[in-house]
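Novice: fold the following and give me the result.
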Amino acid sequence: MQDEKKTPAAEADLEDMVASSDTGARKPMGAPGKLLVSIAAAWSLFQLWIASPLPYLVGFGVFSATEARSIHLAFALFLAFMAYPAFKRSPRDRIPLLDWLFAAVAAFCGAYLFVFYDDLAGRSGRPITQDIVVGIVGIVLLLEATRRALGPPLMVIAAIFIAYSLFGPYMPGILAHRGVSLGGLINHQWLGTQGVFGIALGVSTSFVFLFVLFGALLDKAGAGNYFIKVAFSMLGHLKGGPAKAAVVASGLTGLISGSSIANTVTTGTFTIPMMKRVGFSAEKAGAVEVSSSVNGQIMPPVMGAAAFLMVEYVGIPYVEVIKHAFLPALISYIALLYIVHLEAVKAGMQGLPSSNPPRPLLNKVIGFLTGLLLLMGLSIAVYYGLGWLKPVLGESAPWIISFGLAVIYVGLLKVSARYPELEIDDPRSKVVTLPQTRPTVMVGLHYILPVIVLVWCLMVERLSPGLSAFWATVFMIFIMLTQRPIIAYFRGRSRLTDDVKEGFIDLWDGLVTGARNMIGIGIATATAGIVVGAVSQTGVGLVLADVVEILSGGNLMVILLLTAVLSLILGMGLPTTANYIVVSALMAPVIVMLGQQNGLIVPLIAVHLFVFYFGIMADVTPPVGLASFAAAAVSGGDPIRTGFQAFYYSLRTAALPFLFIFNTDLLLIDVTVVQGVVIFIVATIAMLIFAAGTQGYFLTRSRWYESILLLLVAFTLFRPGFWMDRLHDPYDSVPPAQFAEALGQVDEGSNLRVQIQGEDSFGSPMSTYVLVPVPDGATGEERLENLGLELYTDGDETLVDFVEFGSPAAELGFDFDQQIVEVLAPVDRWTKEWMWLPALMLFALVVLMQRSRRRKEEAITAQA
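Specialist: Residues are numbered from 1 along each chain as shown. Next comes the predicted model:
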């Protein structure tokens, strides 16, 4: 007898799944319930207060960074024990007495640094018994809160690192270290800013909360439903349209979402049944939703909150992080759309019936281009117009610009009032008609304004991420309170009191939801801080580097593969934020250290994006792909098969990190605008060809050798330098004694690759490569002097004689008595992009073969 087909999870079960992973599954009744939501709202208001300029204007409520982190963690811990039951069998409608006790004690331990701030500053590094007791209790309760809010994986990892810190002398072989005393552990992890209260919790306090709150308010205002409806109205009628709409809707939701699981369930409850309706199997429908939802975590500007952590860990401005991360994420989404299209073509799927009036393709293209040009023209006019107006208006500029923004907002609401409100459809109903595109788009254009304000503050005004999110959130609050009464006025209704009341209810729900969404992130950043603190206190990062080096045998590609696999393992079961903190603390230094020793010198942002990409792939990969389990609960499919299918769809995401490690042009590093446009076009084509190669279908079903040829073409378009390096070495080896002459012969602004040998800071032998930028100077000797470097020759060896303190050479890592082993100077050769020509010729050959075969197949079908 066959097993019964699994049925999709009930809506209540799905809500419980999201709640248990994001907001907390407990919903107490009566006074405890009111207290829970009131404290959550108070947390949101506290975060808005410390992000605003008001404390500095009124001279009240100004908190130091450490005090703010302490209060932030106290809120998170208190709400974690209130909102998350201890076990599955624990009550959901009331809060047990023990949880009240845990919540109060945990909140006190979290707020300890705030309450005793002055006392702790006076005895810095000399904890008393009270400090140690509070630290021990705090860490234990933090681990319990982590288990409740995030499951066992992160709690177990943090506990292992605590044990590793304490029992270092008893560890075997290379894992052994001198150990840490209990007082030293508590001082480092709980009383200082290198562990729990470190950078990660600081980023959660300063930036992440406001972005999560902004997303929650935007969703409560109706933007989430708007994004889904717009995507379906535009794409739902195409082949496999619901799946394409799912990709776009999840991408738009991912812009403001910090959780791949919540993204999967939020959009998946609508998109997955639609995909199944047009012919996708339960597993494939769930896999498409998982792939697009998890990809939302790599999409700027939020990137699952990891973008703000990268700012601190990599040490570059937020705008630079967004610039480097944008192109790979966009290419990945375009490729996923194409994969969905290929699946639909292979299965002969159709779209859903459209309610849009029929329009010729040419009219559609002209309409799209016209709208695009108008948008670009308006953007340019606003950018340069404001750039001209601000100096003219002086101090009154913010008020006049705000007034102009309000006028535009009211104008968009007037447009919105001409169209019917968007309703939330039941995707499982027997008759589903796609909404018309124009009314759907026009009814919610005002939701885009706060996003524009956010991007404007970040990219143009160059405000801090926290202040940018604050102003965008303030505008979002204004929209929530005013959109209903203004639209009602334009529609000729008279419900002012009720509309204003509903706006305040939505605002209250948004404040509560934003805070509850932050419980897991706040707990995750604090607990992940334990891992970071252990790394800095024990030097375990060097141990990991030794392990990877031994296993890889020094092979560069094996090093990267091992790092990718370890990042996948470490990321299993972790939310995006904690995931990035753990993998960046443990694995990023491994790539940097071993890469330099083996000649791979890449910017730090590329390394961090590499480990981040593989960390979030853990949400897809069986057996712990949480997003795959969530999608399977919606689709009724098998979660393991859904996970494997999602991983198959996500191969493009797994390939990208290897590509941009070796070709940093994909991250728009040191490229001009024109080069950036060319790279985007070529890389997009390459990724589409890669998708066709992995899916085994292009113009028709591919033969095995055609798939190999397509993958070869894609690789060449992505990494033309690989083949050019085979034809012509990019560097010329120069004797170390001629270092100065080599500096004098190459162009200013280029780089020399220099291999040096010596001892590291621990006195162990060390060999590494350094990328030496060529400074200005008329001669090689002058340039060497400007580097702050003096060399001397001892027989056949060239050694470092002197390194000027604070000089470029000192920053690069040169030190006394190091030996210059090899100097590699760049040579003139053909540009690597010439390799695109044979690749395109090979691609044309595949096209000709498949077109010929498709004609024959169509002729046979016609005869039949």
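Novice: please enumerate the helices of the stretch 451-600 of the chain.
Specialist: Secondary structure of the stretch 451-600 of the chain (DSSP state H, counting those that start in this stretch): helices at 465-490, 496-538, 540-552, 556-571, 576-586, 588-597.
Novice: tell me what the third one is packed against?
Specialist: Other helices and strands packing on helix 540-552, by 3 or more Cβ pairs under 8 Å, 6 or more residues apart in numbering; DSSP states H and E, are helix 556-571, helix 576-586, helix 588-597. In short, each C-beta sits where N, CA and C put it, glycine included.
Novice: give me the mean pLDDT for it.
Specialist: For helix 540-552, the mean per-residue pLDDT is 80.
Novice: residues in contact with Ile50?
Specialist: Residues in contact with Ile50, defined by Cβ atoms under 8 Å, 6 or more residues apart in numbering, are Gly61, Phe63, Ala68, Thr205.
Novice: what's the answer for Ser536, then?
Specialist: Residues counted as contacts of Ser536 (Cβ under 8 Å, 6+ apart) are His188, Gln194.
Novice: before we move on, back to that, nearest to Val230, out of the helices and strands packed on helix 540-552?
Specialist: In terms of Cβ to Cβ, the element of those nearest to Val230 is helix 576-586, at 25.2 Å.
Novice: could you check how far that closest one is from the centre of its chain?
Specialist: 11 Å (Cα atoms, centre = their mean, to the nearest Å).
Novice: circling back: most tightly surrounded among the helices of the stretch 451-600 of the chain?
Specialist: Of all the helices of the stretch 451-600 of the chain, helix 576-586 has the most neighbours on average by mean count of other Cβ atoms under 10 Å, namely a mean of 28.
Novice: so which elements touch that helix?
Specialist: When contacts are defined as 3+ Cβ pairs under 8 Å, 6+ apart, helix 576-586 packs onto helix 152-166, helix 306-314, helix 496-538, helix 540-552, helix 556-571, helix 604-616.
Novice: could those helices go into a markdown table alongside distance to Pro28?
Specialist: Formatted as a markdown table, the helices and strands packed on helix 576-586 follow (distance: least, Cβ to Cβ, whole Å):
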| stretch | distance to Pro28 |
| --- | --- |
| helix 152-166 | 24 |
| helix 306-314 | 33 |
| helix 496-538 | 13 |
| helix 540-552 | 41 |
| helix 556-571 | 33 |
| helix 604-616 | 33 |
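Novice: if we can go back for a sec, closest to Ala262 out of the helices and strands packed on helix 540-552?
Specialist: Comparing the helices and strands packed on helix 540-552 by Cβ to Cβ, helix 576-586 comes nearest, at 10.9 Å.
Novice: pLDDT on that closest one, on average?
Specialist: For helix 576-586, mean pLDDT is 81.
Novice: next, the angle from it to helix 588-597.
Specialist: Angle, helix 576-586 to helix 588-597, by axes from the mean of the first three to the mean of the last three Cα atoms, to 10 degrees: 40 degrees.
Novice: got the angle between helix 576-586 and helix 556-571?
Specialist: Angular relation of helix 576-586 and helix 556-571 on a 0 to 180 degree scale: 140 degrees, by the same axes, to 10 degrees.
Novice: for Phe612, which of the helices of the stretch 451-600 of the chain is the nearest?
Specialist: Comparison of the helices of the stretch 451-600 of the chain against Phe612 by Cβ to Cβ identifies helix 576-586 as nearest, at 5.2 Å.
Novice: CA atoms only: put that closest one into PDB for me.
Specialist: C-alpha atoms of helix 576-586 as PDB (Å, rounded to 0.1, in the frame of the first residue of the first chain):
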ATOM      1  CA  THR A 576      21.700  34.600   9.400                       C
ATOM      2  CA  THR A 577      23.200  37.000  11.800                       C
ATOM      3  CA  ALA A 578      24.700  34.500  14.200                       C
ATOM      4  CA  ASN A 579      25.700  32.400  11.100                       C
ATOM      5  CA  TYR A 580      27.800  35.200   9.700                       C
ATOM      6  CA  ILE A 581      29.400  36.100  13.000                       C
ATOM      7  CA  VAL A 582      30.500  32.500  13.600                       C
ATOM      8  CA  VAL A 583      31.800  31.800  10.100                       C
ATOM      9  CA  SER A 584      33.600  35.100   9.700                       C
ATOM     10  CA  ALA A 585      35.300  34.800  13.100                       C
ATOM     11  CA  LEU A 586      36.500  31.200  12.500                       C
END
